[in-house]
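> Below are the sequence and a predicted model for it; my questions follow.
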Amino acid sequence: MLSKKMEAALNAQINAELWSAYLYLSMSAHFAAEGKPGISHWFKAQFDEEQGHAMKIFEYVVERGGKVELKAIGEVTQSWASPLAAFEDTLKHEQIVTAKINDLVTLAREEKDYATESMLQWFVNEQVEEESTAQGYIEALRMIKDNGFGIYTFDKELRGRQ
Ligand code: FEO
């Protein structure tokens, strides 16, 4: 059985994951309108992935006999000056999510809730990958700068994401 405190914290994380999904869907919409289908596709896949993260915690809360409560999702930015600006925002956002996951692990340890701590390890590892991916794209886009062919090639590469 989850403690009320842990249940509330996990519900807050479900909200944060759905907020992430909403942000990436907004980025997908922005780049679709900008004629960059590959970047739009990449953020759409990211939207799907974040919903998966929310559902992972949703199912865990249910499995532990808790109650999922869905609150309002915060507003997100609607446009970005460039692909670089969007990936910089992505990295900043993922760093916030990482801090939230770390706080959850700390709470699970304080509560001696080792099952929740174990479940959260998947997210700890996932965040390393999320930050590293965003950082890699930032570095590539910093090299590309305003080079039109570079942006075209970058967009084409991102179309390949499964
Ligand atoms: Fe679910 Fe990108 O953190």
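Cool, the structure landed. Residues are numbered from 1 along each chain as shown.
> The most centrally placed residue in the chain is in what secondary structure piece?
The chain has residue 20 as the residue nearest its centroid, 4.7 Å off, counting by C-alpha atoms, centre = their mean. In this structure, residue 20 sits in helix 4-33 according to DSSP states H and E.
> do that helix and the ligand meet?
Yes - counting by C-beta under 6 Å from any ligand atom, the ligand is contacted by helix 4-33 at 17, 20. From N, CA and C alone the C-beta is placed, and that goes for glycine too.
> Which secondary structure elements does the helix or strand just after that helix sit against?
For helix 4-33, the following helix or strand on the C-terminal side (DSSP H and E) is helix 37-63. For helix 37-63, the packing partners by 3 or more C-beta pairs under 8 Å, 6 or more residues apart in numbering; DSSP states H and E come out as helix 4-33, helix 83-110, helix 114-144, helix 148-158.
> Near the residue of the chain at minimum distance from the ligand, how many other residues are there?
Closest to the ligand within the chain is residue 53: 3.7 Å, counting by C-beta to the nearest ligand atom. By other C-beta atoms under 10 Å, 22 other residues sit near residue 53.
> any idea how far it lies from residue 46?
10 Å (C-beta to C-beta, to the nearest Å).
> So which bits of the chain are right by the ligand?
Checking the chain against the ligand by C-beta under 6 Å from any ligand atom, the hits are 17, 20, 50, 53, 94, 97, 130.
> What is the burial count for the closest residue to residue 144 other than its chain neighbours?
The shortest distance from residue 144 to any non-neighbouring residue, by C-beta to C-beta, 6 or more residues apart in numbering, is to residue 150 (3.5 Å). Neighbour count for residue 150, taken as other C-beta under 10 Å: 14.
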